[in-house]
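Visitor: A predicted structure for the sequence below; I have some questions about it.
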Amino acid sequence: MSDINCIKHLRNNKGLSITKIQQTLNINWRTAKEYADEEQLPTTKSFPRKGRIYEENWGEIVSDWLFEDSRDTPKIEPKR
């Protein structure tokens, strides 16, 4: 999404051409054209989570546990 905002900023505020945006960001010309001249931003798709873990409202708790575990990983220093 930040790339799309960058393309729109370069086109609307800086007045760059599609070719210059394409060269600056190293993207396909058609992609630059599509997002630079499009009125609305594309919406992101969200998929509903399915399964027993989410139906019984355990999904959020498990996600929190996994997030906390990923933050609290011990740093292992190499032996000398």
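Guide: Nice, thanks for sending it over.

Visitor: Need the per-residue pLDDT for Tyr54.
Guide: Tyr54 carries a pLDDT value of 67.

Visitor: What is the neighbour count of Val62?
Guide: For Val62, the neighbour count with other Cβ atoms under 10 Å is 11. C-betas here are computed from N, CA, C, even on glycine.

Visitor: Can you list the buried residues in the strand or helix carrying it?
Guide: According to DSSP states H and E, Val62 maps onto helix 59-71. Within helix 59-71, no residue is scored as buried using 16 or more other Cβ atoms under 10 Å.

Visitor: what do you get for stretch 28-47?
Guide: In terms of neighbour count (16+ other Cβ under 10 Å), stretch 28-47 has its buried residues at 31-33, 35-36.

Visitor: circling back to that earlier point, name the helices or strands packed onto the helix holding Val62?
Guide: Contact partners of helix 59-71 among helices and strands, from 3 or more Cβ pairs under 8 Å, 6 or more residues apart in numbering; DSSP states H and E: none.

Visitor: Span of stretch 48-56 from start to end?
Guide: 14 Å (Cα to Cα, to the nearest Å).

Visitor: Nearest to Glu60, out of the buried residues of stretch 28-47: which one, please.
Guide: Of all the buried residues of stretch 28-47, Glu60 sits closest to Tyr35, with 33.8 Å by Cβ to Cβ.
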